[in-house]
Structures are given as structure tokens and as C-alpha cells.
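In: Next comes the sequence, and after it the predicted model I'd like to discuss.
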Amino acid sequence: MLHTWKQAFSLAFFEIKALKYKTYLAFLSYLLISLVICVFLMKWFISNNELRHEALFLLIYLLGLSWIKPKELQNKIINDNVMASPIFVMNLHLPINQDILIKSRFIIYFMYTIPFQLFLLVGICLFSPLQKLLTIEMLTPFLLFWISFGILVDGVLVKIDIRINPSKYRHFLIGLFTYFIVTILLRVLHESTGYSLIDGSIFLAQEWPLITTCVTIFITALTTMLSNRKMLRLVRDTDYL
């Protein structure tokens, strides 16, 4: 298992190294812009408890980087029914284990999104009213909760690199539908528990920091393993020709 992940990391690192310096400049620029927006969103959310501000924060935090995805990592239309990462499809024709290829896609997403999400969270904790709500002891479980949440979403987004319908209108409708569903779920969570997702993560980090840390790590590892198996079946059922 560890040997497979090591090979996948080497493959992913080779692909990441091919990125141009402009990609890193775009990354830093987007990080700064996102930080400014999210700090203001957090101020408005904590002051007014507006769930629409939380939904917008989630949109930026979880999906923002997909809007500035480097050209080298963007998907291309493979055939009439499949859009996927051209690098992934090319590697499928090489004598490389498919499990290693899929794990490398996970690692690429993690290397691309986790630094962004971590820096964004730390910046929000330093420059928004969250700094008054979080103690040093609460910071680690709070950050782990949100990083793990990001990894769970990455597990879904990795599927896009492997196979997605090439219809742009369908992508737009799915994105719009997802935003409304997330907003509704946030409303249901708030009405049923009295907590929003942000409030709830602060509460968990305050009341049960150790349990929160252990559970988030376990759930992240489990869902990544299950997603990896599902992706493997998806590759075997997909015609890339």
C-alpha cells in the first residue's frame, strides 16, 4: 500500500513540476483576493449569521481553485461522451498500474488545493473575528476539520479528471443546482441544530477537540480509500478511444 502511494507521489510530482511560474503567480493572486473576500464574508456572517455568506465562503473555499485551473491540468474532450485529463488518458496507455494513476490524481489535487485552503484558513483566523473565538488549543482541530472537509470534496472533483460529460450546459446546471442544494442543507442544519457549519466546527473544536481530530482523520482516510476504489471501477468501465 505505502509503496503504491510512493509511486503515485513520484508520478504526481513529475506532473506538478511541469507547471509554469505563471501558475504560481495566479495561485498567489487568487489566494490574496480570496482571503480579502473571505475575511469580509466572515465578518458579515459572524455579525448577522447570514447563511448566504457561509454558502459563498464554501463556494470560494472548496471550488475556487477550479476556476483558475492551470492549462496543463485542464480537461480536454476525448470523444463525444468523455471529457478527461489528457495527461491521465495518455498515461493509461503506458505500462503503469491504474491504481497508481488514480492515486496520483488524488495527490495532484491535494498538492494543489490543501496549501490554498490551509493558507486561506490561517489568514481568516488571523484577520477576521474568528481570532477572538478560537483559542490555540482549538486551532488544530478546527483547521483539521476544514482541511478534511476540503479533501472530501476533492475526492468528488478527482472524478472530473477521470471522466465527465463534455456538455458545458450540463456543467453549469449541475453547478447551479449544487449551490442551491448546499444553501438548503445549510438552512436545514441551522434550523435543526441551531448551528451553521462554521458555528458547528467551532463548537466541536471547543468541546471535543481530540475526538474531532481523530474522527475527521478517520473519515478522510476512509472516504479517500472508497473514492479510490470507485474511480478504479469508473476507469475500467470507460471507453477513452
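Out: Structure received.

In: quick one, helices of this protein?
Out: Along the chain, counting by DSSP state H, helices occupy 2-17, 21-48, 51-63, 86-92, 98-127, 130-133, 136-162, 168-193, 197-207, 209-236.

In: least reliable of these going by mean pLDDT?
Out: The weakest mean pLDDT among these belongs to helix 168-193, with a mean of 74.

In: What is that one packed up against?
Out: helix 51-63, helix 197-207 (3 or more C-beta pairs under 8 Å, 6 or more residues apart in numbering; DSSP states H and E). Where C-beta positions appear, they are placed from N, C-alpha and C, glycine not excepted.

In: Adding mean neighbour count and distance to Met42, write those out as CSV.
Out: Listed next are those as CSV, based on neighbours: other C-beta atoms under 10 Å; distance: least, C-beta to C-beta, whole Å:
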stretch, mean neighbour count, distance to Met42
helix 51-63, 19, 7
helix 197-207, 18, 8
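
In: Make JSON lines out of these and add distance to Ser10.
Out: JSON lines is the format used below for the helices and strands packed on helix 168-193 (distance: least, C-beta to C-beta, whole Å):
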{"stretch": "helix 51-63", "distance to Ser10": "28"}
{"stretch": "helix 197-207", "distance to Ser10": "34"}
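
In: Tell me which of these lies nearest to Ile136.
Out: Each of these was scored for nearness to Ile136 using C-beta to C-beta, and the closest is helix 197-207 (11.1 Å).

In: List the contacts of the closest residue in space to Met138 that isn't next to it in sequence.
Out: Ranked by C-beta to C-beta, 6 or more residues apart in numbering and with sequence neighbours excluded, the top spatial neighbour of Met138 is Ala205, at 4.1 Å. With contacts defined as C-beta atoms under 8 Å, 6 or more residues apart in numbering, Ala205 is in contact with 134, 138-139, 141-142, 145, 212.

In: That'll do, ta.
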